[in-house]
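Engineer: this one's sequence-less:
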């Protein structure tokens, strides 16, 4: 992305909206890494980042089970964010924060290094047509970006229901020297690990396609 386009898109992020005034919403002011004290209450807690959290059902279930963790969710759609914030207020949750940006636009610019213990990628867009593969999130270059933001011994959790994309993800991670599989060969499961809650999209798609679940550990 060229500089001019990036600046134009960043202005869109900064457009005022009522939900952006909520204390659990973090709107980047500059294209630079967000300070830790805006993201977390404690550097010693377990830090989670979810890319594209949808309606927040995965995050909310996780925090019900692990209320001591600190959770950052990236979601660009305002209607979804508003619904999450209503649930946050109803349950008086303070350790779930939302960054309302498209993570494929500004991810490496605003996310600080060595910040997260677990990155969650639930059902990324498969871009099934060959001419669109360049838009897929999981690329070799993205693995390098993830590596920088994950703390030592941190993990990447990925779920997808699209077989060709799953095979490509497996190939990219297996070739990388930055990660090792946390799931024995063939490095995926077809049944969701119990530690991870069910997302709304998974509930819908699993009726038609059996998802692939992967877990990779930073070397």
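Structural biologist: Everything's here; your move. The shown structure was predicted, so the numbers you read here are calculated from the model rather than taken from an experiment.
Engineer: okay, CA-based contacts and neighbour counts for the rest of this
Structural biologist: Noted.
Engineer: quick one, strands of the protein?
Structural biologist: Along the chain, counting by DSSP state E, strands occupy 47-51, 70-74, 96-99, 116-122, 150-160, 179-181, 212-218.
Engineer: will you turn those strands into a markdown table that also has mean neighbour count and mean pLDDT?
Structural biologist: Shown next, in a markdown table, are the strands of the chain (neighbours: other C-alpha atoms under 10 Å; pLDDT from 0 to 100):
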| stretch | mean neighbour count | mean pLDDT |
| --- | --- | --- |
| strand 47-51 | 23 | 97 |
| strand 70-74 | 24 | 97 |
| strand 96-99 | 24 | 97 |
| strand 116-122 | 22 | 97 |
| strand 150-160 | 20 | 97 |
| strand 179-181 | 19 | 98 |
| strand 212-218 | 22 | 98 |
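Engineer: can you redo these as JSON lines with distance to residue 135?
Structural biologist: Listed next are these as JSON lines, based on distance: least, C-alpha to C-alpha, whole Å:
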{"stretch": "strand 47-51", "distance to residue 135": "15"}
{"stretch": "strand 70-74", "distance to residue 135": "18"}
{"stretch": "strand 96-99", "distance to residue 135": "21"}
{"stretch": "strand 116-122", "distance to residue 135": "15"}
{"stretch": "strand 150-160", "distance to residue 135": "16"}
{"stretch": "strand 179-181", "distance to residue 135": "22"}
{"stretch": "strand 212-218", "distance to residue 135": "20"}
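Engineer: how far is stretch 93-110 from where the chain is centred?
Structural biologist: The gap between where stretch 93-110 is centred and where its chain is centred comes out at 8 Å by C-alpha atoms, centre = their mean, to the nearest Å.
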